[in-house]
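Student: Structure of the sequence below:
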Amino acid sequence: MEFIFGLIILIADIWAIVNVFGSNASTGAKVLWILLILILPVLGLIIWYFAGPRSARA
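Tutor: Purely as a prediction, here's the structure:
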């Protein structure tokens, strides 16, 4: 069960990082968001979802 949960978090983190790259944020902001997502996988993902930069498509 832990493997499935870990896999879901990994996929969600990769999706968040791809969306950060596609956002209109500055390079420094992108680096900080990616570091937050990588250092705190679950909490960083939640914070990014509510407060992170939006994609260029939005």
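Student: ok, the spatially most central residue of the chain - contacts?
Tutor: Taking C-alpha atoms, centre = their mean as the criterion, residue 16 is the residue nearest the geometric centre of the chain, at 3.1 Å. With contact set as C-beta atoms under 8 Å, 6 or more residues apart in numbering, residue 16 has these partners: 37, 44-45, 48-49, 52. Backbone N, C-alpha and C define where each C-beta goes, glycine included.
Student: how about 10 Å then?
Tutor: 33-34, 36-38, 41, 44-46, 48-49, 52 (C-beta atoms under 10 Å, 6 or more residues apart in numbering).
Student: Check residue 17 too.
Tutor: 30, 33-34, 37-38, 45, 48.
Student: nearest to residue 11, of those residues?
Tutor: Nearest to residue 11 among the contacts of residue 17, counting by C-beta to C-beta, is residue 45 at 10.6 Å.
Student: so that closest one is in which element?
Tutor: Using DSSP states H and E, residue 45 maps to helix 41-51.
Student: got the buried residues for that helix?
Tutor: 41, 44-45, 48 (16 or more other C-beta atoms under 10 Å).
Student: mind checking pLDDT for residue 55?
Tutor: As predicted, residue 55 sits at a pLDDT of 58.
Student: still on that earlier bit, now list the buried members of the contacts of residue 17.
Tutor: Applying 16+ other C-beta under 10 Å to the contacts of residue 17 flags 30, 33-34, 37, 45, 48 as buried.
Student: JSON lines for these, including distance to residue 3 and pLDDT?
Tutor: What follows is these, written out as JSON lines (distance: C-beta to C-beta, whole Å; pLDDT from 0 to 100):
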{"residue": "30", "distance to residue 3": "30", "pLDDT": "92"}
{"residue": "33", "distance to residue 3": "27", "pLDDT": "92"}
{"residue": "34", "distance to residue 3": "25", "pLDDT": "93"}
{"residue": "37", "distance to residue 3": "21", "pLDDT": "92"}
{"residue": "45", "distance to residue 3": "18", "pLDDT": "87"}
{"residue": "48", "distance to residue 3": "24", "pLDDT": "87"}
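Student: which of these lies closest to residue 21?
Tutor: Using C-beta to C-beta, residue 30 comes nearest to residue 21 of these, at 6.7 Å.
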